[in-house]
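A.B. asks: predicted coordinates and the sequence they were generated for:
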Amino acid sequence: MISLYPPNTPFPVYQQKYWWSDKWDPLSYGKEINWNEPFLKQIQELRNRTPRMNLIGLHQTLENSEYVNMAHNLKNCYLIFNSDYNENCLYGSEIESSKDCIDNLMIDSCTLCYECINCNKCYKTFFSEDCNECNDVYFSKDCIGCNNCFGCVNLRKKSHHIFNKPYTREEYEARIKEYNLSSRASLRGWQKKTQDFWETKGKYKHFHGLQNDDVSGDYINNSKNIHNCFIVRGSKNCKYCMWLIVGNNEDCYDYAQFGQNTELMYEVMQAGYQTSNVKFSYLVAAMSSSIEYSDSVYGSSNCFGCSNLRDKEYCILNKQYSKEEYNEFIPKIKKHMNEKPYVDKKGRVYKYGEFFPIELSVIPYNQSSAQDFYPLSEKDAEEKGYSWSEIKLTEHEISLSFDKIPDTIDKTDDTIIKEVIACRESGKAFRIVPDELRLHRVFNLPLPDCLPEVRQKRRIGRRNKPVLYNRACAKCGKGIQTSYASERPEVVYCEQCYNAEVV
Ligand SMILES: [Zn+2]
């Protein structure tokens with residue numbers, strides 16, 4: 001099977017479907033509390049014995065979508081991550097409520113989109129960024145309500161524009177035909193030209209997001225009183241949160257990834273779906289509540305120090321207690337955690353109130369999303385006490401070089417799905433899947449000549465990192481906080497100056 005965990009991990013790994021079945025009993029791993037050992041050490045011992053799912057997801061809601069991770073409610077999806085409520089979507093991450101989309105990052109409610117970053121409610125939008133409610137748009141950035149536009153930036157409700165200039169419908173169509181957008185070689189040239197145009201002619205608001213009230217951070221939509229947060233939708237009263245990609249989250253702090261009707265989450269990673277009052281935990285979802293110091297707990301309530309548990313209540317270290325016993329033990333455990341805290345290899349002390357020590361992370365640093373934002377070398381990671389594991393790729397015999405993939409989709413025949421293709425950038429092997437071929441024919445766009453990971457890395461490279469810099473507005477000089485680093489070439493405006501010129 002494939003798994004997000006490397007083969008040398010200490011814990012057993014089960015297929016997702018088996019993990020969710022009644023064929024094994026999480027309580028059979030239960031253990032008494034040992035008052036002579038730090039409690040976190042006992043949790044770690046339990047985590048090392050309990051089986052994990054090979055890929056994280058709500059198996060019951062995945063239809064013909066075997067190769068996805070951190071996902072639920074998908075139909076016919078392939079290699080998408082951190083994504084939910086999609087149909088026929090392939091490659092990329094943070095894809096929500098979309099249909100027939102390939103190779104995107106952070107899109108919501110989109111249809112037939114390809115190579116888009118941070119786009120919402122778009123239809124047939126290609127190679128575009130930060131666009132909303134656009135149709136038939138190519139290579140455009142920060143456009144809202146536009147249709148039939150090419151290489152535009154900062155446009156509102158315009159149609160038939162090329163490089164921000166208006167054309168008649170006939171002129172527009174003739175030019176687009178001339179641009180030969182079905183050819184890979186030609187697209188590559190346009191990508192460079194249009195991105196240069198955005199950079200030199202675009203006005204950049206210091207912040208990405210719409211319909212907010214009193215927010216700071218970046219990539220925030222439809223939210224209120226959200227501060228120092230990144231990639232948050234439809235939430236209120238949160239601070240230091242990231243990737244709350246499904247909305248309706250309230251009163252959360254230090255919480256990363258997922259969301260969907262959550263409240264009172266504190267120091268939590270990868271949790272959501274009608275879940276509340278969770279602290280110092282990793283992977284808690286599916287109508288769970290009042291959980292602390294737990295890992296991979298679903299549909300449960302009132303659990304402390306549990307690992308890989310479903311549909312239980314009043315458990316400590318996967319052992320069942322009565323409500324009364326449980327309520328008696330919890331204050332004692334917290335006191336014990338403060339009196340006999342966990343000390344990591346670097347001498348760092350973890351008392352009650354701290355998240356799990358990073359040295360206990362089940363994901364090696366270099367394979368985690370942290371590496372995308374704060375890249376470290378193996379040596380640096382080791383010095384900080386973070387784990388590291390190289391992925392050993394299977395060797396494949398290449399049957400087609402990247403330069404032999406036809407330049408246009410109409411010259412590409414069905415046999416391409418049998419080929420093992422060498423990636424243009426990495427030389428590593430990749431394949432084209434049937435749905436990909438089918439959708440590229442609908443897009444009338446050539447097939448990619450690079451690995452899915454290479455494509456995803458390129459998109460991540462174009463998204464601003466979750467870091468705020470103090471800069472001055474390029475127009476009025478007022479101080480702004482922005483994720484555009486000072487050395488970047490874009491002209492960055494405060495909201496007022498941006499609204500005066502653009503909206
Ligand atoms: Zn200004």
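C.D. replies: That came in fine, so what should we check first? Numbering: from 1, shown residues only.
A.B. asks: all strands for the stretch 351-500 of the chain, in order.
C.D. replies: Assignment of strands within the stretch 351-500 of the chain using DSSP state E, counting those that start in this stretch yields the ranges 400-401, 421-422, 429-430, 469-472, 479-482, 491-493.
A.B. asks: out of these, nearest to the ion?
C.D. replies: When the strands of the stretch 351-500 of the chain are ranked by distance to the ion, counting by CB to the ion, first place goes to strand 491-493 at 5.4 Å. (C-beta placed from N, C-alpha, C; glycine too.)
A.B. asks: give the pairing partners of that closest one; include direction for each.
C.D. replies: For strand 491-493, sheet partners with direction are given as strand 203-205 (parallel), following DSSP bridges.
A.B. asks: what's near enough to touch whichever residue of the stretch 301-450 of the chain sits closest to the ion?
C.D. replies: Of the residues in the stretch 301-450 of the chain, the one nearest the ion is Phe373, at a distance of 27.9 Å by CB to the ion. If a contact means CB atoms under 8 Å, 6 or more residues apart in numbering, then Phe373 has Lys465, Pro466 as its contacts.
A.B. asks: flag every buried residue along stretch 281-290.
C.D. replies: Ser281, Tyr282, Leu283, Val284, Ala285, Ala286, Ser288, Ser289, Ser290 (16 or more other CB atoms under 10 Å).
A.B. asks: so which of the residues you listed are in strands?
C.D. replies: Counted as lying in strands by DSSP state E, out of the buried residues of stretch 281-290, are Ser281, Tyr282, Leu283, Val284, Ala285, Ser289, Ser290.
A.B. asks: on that earlier part again, ok, which of the buried residues of stretch 281-290 also contact the ion?
C.D. replies: Subset of the buried residues of stretch 281-290 in contact with the ion: empty, counting by CB under 5 Å from the ion.
A.B. asks: can you map out the helices along the protein?
C.D. replies: Listed in chain order, the helices found in the chain under DSSP state H are 16-19, 39-49, 169-179, 184-201, 323-339, 370-373, 378-384, 434-443, 452-462, 495-501.
A.B. asks: how deep is Leu58 tucked in, by neighbour count?
C.D. replies: Around Leu58 sit 17 other residues, with neighbours defined as other CB atoms under 10 Å.
A.B. asks: again with the one 3 residues further on
C.D. replies: Residues near Thr61, counting by other CB under 10 Å, number 16.
A.B. asks: next: Ser300.
C.D. replies: Neighbours of Ser300 (other CB under 10 Å): 25.
A.B. asks: please name the residues that touch it.
C.D. replies: Counted by CB under 8 Å, 6+ apart, Ser300 has contacts Ser288, Ile291, Cys306, Leu309, Arg310, Asp311, Lys312, Glu313, Cys315.
A.B. asks: need the pLDDT of the residue of the stretch 301-450 of the chain closest to the ion.
C.D. replies: Per-residue confidence at Phe373 stands at 88 (pLDDT).
A.B. asks: of all the contacts of Ser300, which comes closest to Pro341?
C.D. replies: Cys306 (19.8 Å; CB to CB).
A.B. asks: ok, that closest one - contacts?
C.D. replies: By CB under 8 Å, 6+ apart, the contact set of Cys306 is Pro26, Leu46, Ile291, Ser294, Asp295, Val297, Ser300, Lys312, Cys315, Ile316, Leu317, Asn318.
A.B. asks: now the residues you listed in JSON lines, with pLDDT and distance to Glu173?
C.D. replies: Shown next, in JSON lines, are these (pLDDT from 0 to 100; distance: CB to CB, whole Å):
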{"residue": "Pro26", "pLDDT": "98", "distance to Glu173": "61"}
{"residue": "Leu46", "pLDDT": "98", "distance to Glu173": "64"}
{"residue": "Ile291", "pLDDT": "98", "distance to Glu173": "57"}
{"residue": "Ser294", "pLDDT": "98", "distance to Glu173": "58"}
{"residue": "Asp295", "pLDDT": "98", "distance to Glu173": "56"}
{"residue": "Val297", "pLDDT": "98", "distance to Glu173": "56"}
{"residue": "Ser300", "pLDDT": "98", "distance to Glu173": "58"}
{"residue": "Lys312", "pLDDT": "98", "distance to Glu173": "62"}
{"residue": "Cys315", "pLDDT": "98", "distance to Glu173": "65"}
{"residue": "Ile316", "pLDDT": "98", "distance to Glu173": "68"}
{"residue": "Leu317", "pLDDT": "98", "distance to Glu173": "67"}
{"residue": "Asn318", "pLDDT": "98", "distance to Glu173": "65"}
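A.B. asks: of those residues, buried ones?
C.D. replies: Members of the contacts of Cys306 that pass the buried threshold by neighbour count (16+ other CB under 10 Å) are listed as Pro26, Leu46, Ile291, Ser294, Asp295, Val297, Ser300, Lys312, Cys315, Ile316, Leu317, Asn318.
A.B. asks: can you pull the contacts of the fifth one?
C.D. replies: Residues touching Asp295, when contacts are defined by CB under 8 Å, 6+ apart, comprise Ile43, Arg47, Ser281, Tyr282, Leu283, Cys306, Ser307, Asn308, Phe356, Val362.
A.B. asks: from Lys75, how far off is Cys450?
C.D. replies: Computed as CB to CB, to the nearest Å, the Cys450 to Lys75 distance reads 27 Å.
A.B. asks: more neighbours: these two, which one.
C.D. replies: Residue environment comparison for Cys450 versus Lys75 gives the larger neighbour count to Cys450, 18 against 15, counting by other CB under 10 Å.
A.B. asks: and the longest strand for the chain?
C.D. replies: Counting residues, the longest strand in the chain under DSSP E turns out to be strand 78-96.
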